[in-house]
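Colleague: what's the 3D shape of this:
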Amino acid sequence: MADTIQIGILLFPNVTQLDAMGPAQVLSRVPGAKMHIVWKSRDPVPTDSGFSILPTTTFADCPQLDVVCVPGGIGQVALMNDQETLAFLRKQAAGARYVTSVCTGSLVLAAAGLLKGYKSACHWSVRDELAAFGAIPVAERVVRDRNRLSGGGVTAGIDFGLTLAAELAGEEVARTIQLMMEYDPKPPFDSGSPEKAGPALVAGYKQRTAGMMESRRKANAEAAARLG
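Modeller: Presented below is the predicted three-dimensional model:
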C-alpha cells in the first residue's frame, strides 16, 4: 500500500478556481494522495468565477504537508501582505518536500520569502515582478528549481500537476492520469501566449485589466519593500 502523501492547496477569496482545481484533479489521482483544501476557516470561499468552494481544513488543523501549492487569481493581491497566510506558508514550506505554485501564486510564495534565488514561472502579465523578491522569472509553462515547482498561467496548472505526479509516483502513473483525464488539448484558437496572440490582442487585454494590474503592482511593491 502506498504511503500517504499529504497534499495541500491553498484556498482564498477570489482565487482562480482552475489554478487550484486543475492540479487538485491531477494530484488526487496519485496513489496514496491525501488532499487538503486549506484556508483560515471552513466557511465557503468565493472564487473569481462566481461560485464558492468548501475548504477541507484550516491553517490551525492542517497537518504537515508533503506538497504545498499556492494558486493565483485576483485574490492574490490581498494575500501579498496577509501575515497570517504568509506565516502559514513559511511554516509548511520548512517541512514540505515540494513548495509549489500556479499562476500568480508564485508571487505569494515570493512575498513569504520562499523564492529568493529560485527560478519560477508565473502568469505572463506579471512574471517580471518576481524579480523584485529575488526570484528568477522564467517564461515556461512548468519550471523546476530544486524543490520549487511552478506552473504558468491558469491552464498550466494541469501540466504542472502531471509533472509533479511523475515526481511523486513515476512517469507511468502520470501518463495514466493524463489518459484518464483525456488531457489531449487541441485549442480552437492559437492565442494562448502573448507571442502567439499578437500585439493588438495583448494591448486590449492590458487595457481591460489596467485597474487590477495597478492594484497588483502596488501590493507587490509593498510586499517586496517589507522583505527588504
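
Colleague: only C-alpha atoms for contact and neighbour calcs from this point on.
Modeller: Noted.

Colleague: Just the C-alpha atoms of stretch 22-42, please, in PDB.
Modeller: Only the C-alpha atoms of stretch 22-42 are listed here, as PDB (Å, rounded to 0.1, in the frame of the first residue of the first chain):
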ATOM      1  CA  GLY A  22      -6.600  21.700 -12.200                       C
ATOM      2  CA  PRO A  23      -3.700  20.500 -10.000                       C
ATOM      3  CA  ALA A  24      -6.200  19.000  -7.500                       C
ATOM      4  CA  GLN A  25      -7.800  16.900 -10.200                       C
ATOM      5  CA  VAL A  26      -4.500  15.500 -11.200                       C
ATOM      6  CA  LEU A  27      -2.800  15.100  -7.900                       C
ATOM      7  CA  SER A  28      -5.800  13.500  -6.200                       C
ATOM      8  CA  ARG A  29      -5.200  10.500  -8.500                       C
ATOM      9  CA  VAL A  30      -1.600  10.000  -7.300                       C
ATOM     10  CA  PRO A  31      -1.500   6.700  -5.200                       C
ATOM     11  CA  GLY A  32      -1.600   7.500  -1.500                       C
ATOM     12  CA  ALA A  33      -2.500  11.100  -2.000                       C
ATOM     13  CA  LYS A  34      -4.500  12.800   0.800                       C
ATOM     14  CA  MET A  35      -5.900  16.200  -0.500                       C
ATOM     15  CA  HIS A  36      -6.300  19.200   1.800                       C
ATOM     16  CA  ILE A  37      -8.000  22.300   0.500                       C
ATOM     17  CA  VAL A  38      -6.800  24.800   3.100                       C
ATOM     18  CA  TRP A  39      -8.000  28.200   4.300                       C
ATOM     19  CA  LYS A  40      -8.400  30.200   7.600                       C
ATOM     20  CA  SER A  41     -11.800  28.700   8.200                       C
ATOM     21  CA  ARG A  42     -14.100  26.000   6.800                       C
END
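
Colleague: is it true that P46 touches W39?
Modeller: No. With contacts counted by CA atoms under 8 Å, P46 stays clear of W39, the gap being 11.7 Å.

Colleague: Now do the strands in the chain.
Modeller: Along the chain, counting by DSSP state E, strands occupy 5-10, 33-39, 45-46, 52-53, 57-58, 67-70, 98-102, 119-120, 136-137, 142-145, 148-151.

Colleague: Which elements pack onto the third one?
Modeller: Taking 3 or more CA pairs under 8 Å, 6 or more residues apart in numbering; DSSP states H and E as the contact definition, the neighbouring helices and strands of strand 45-46 are strand 52-53.

Colleague: Counting residues, name the longest helix you see in the protein.
Modeller: If you go by DSSP state H, the chain has its longest helix at helix 210-227.

Colleague: what's in contact with it?
Modeller: I74, V77, A78, M80, N81, L107, A111, G113, E129, A132, F133 (CA atoms under 8 Å, 6 or more residues apart in numbering).
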